[in-house]
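Peer 1: sequence? don't have it. structure:
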């Protein structure tokens, strides 16, 4: 576990934790783990995007296209406004799926020192193994991972308060998250 910047917050106030990383890095697993084990609320960018722009359900490919349309069309602030509106500010919350610097900037501005970003990194093969049920081939995974909407994710690493390697099994990632929670004194957020 590498801590790049100290995570500053008041232990009596709710905390807001964003997760960023490439496809298959473990963002959703990590966010849901903090939600279920420690009582954090949970919100996901792709769910907000789907609710906003797609009446019917859509697959990953369609969500990626919608995400790119939003970003390239200058609507990322609107997406973040909708996401932030869905967060209960009285409850510690995990935010799954930051992809752009503007996401980090708006969450940091909104929540101040109560917001921190965890960046999850893993090698391509480990990520593919984790999500292979969603992709028929390695080529399909690589094509999804190279879509324009995914292109800026790695730049968020420099904004992260913590970077965790998730090359190992998810249980090891959960152990790192437990250590992170203990080190920051969050305990049970319920």
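Peer 2: Everything's here; your move. All values derive from a computational prediction rather than experimental measurement.
Peer 1: where exactly do the strands run in the chain?
Peer 2: 2-3, 16-21, 41-44, 93-98, 115-121, 162-165 (DSSP state E).
Peer 1: so which of the ones you listed is the most packed in?
Peer 2: Highest mean neighbour count of the strands of the chain: strand 16-21, a mean of 27 (counted as mean count of other CB atoms under 10 Å). Any C-beta I mention is one placed from the backbone N, CA and C, and that applies to glycine too.
Peer 1: for this protein, where's the lowest mean pLDDT among helices and strands?
Peer 2: strand 2-3 (a mean of 43; mean pLDDT, DSSP states H and E).
Peer 1: Show me where this structure dips below the pLDDT cut-off.
Peer 2: 1-12, 54-57, 186-190 (pLDDT under 70).
Peer 1: Quick check: which helices or strands does the helix of greatest length in the chain pack against?
Peer 2: Of all segments of type helix in the chain, defined using DSSP state H, the longest is helix 170-184. Contact partners of helix 170-184 among helices and strands, from 3 or more CB pairs under 8 Å, 6 or more residues apart in numbering; DSSP states H and E: helix 27-38, strand 162-165.
Peer 1: Quick one: list the elements packing against the longest one.
Peer 2: Secondary structure elements in contact with helix 27-38, counted by 3+ CB pairs under 8 Å, 6+ apart, are strand 16-21, strand 41-44, strand 93-98, strand 115-121, helix 170-184.
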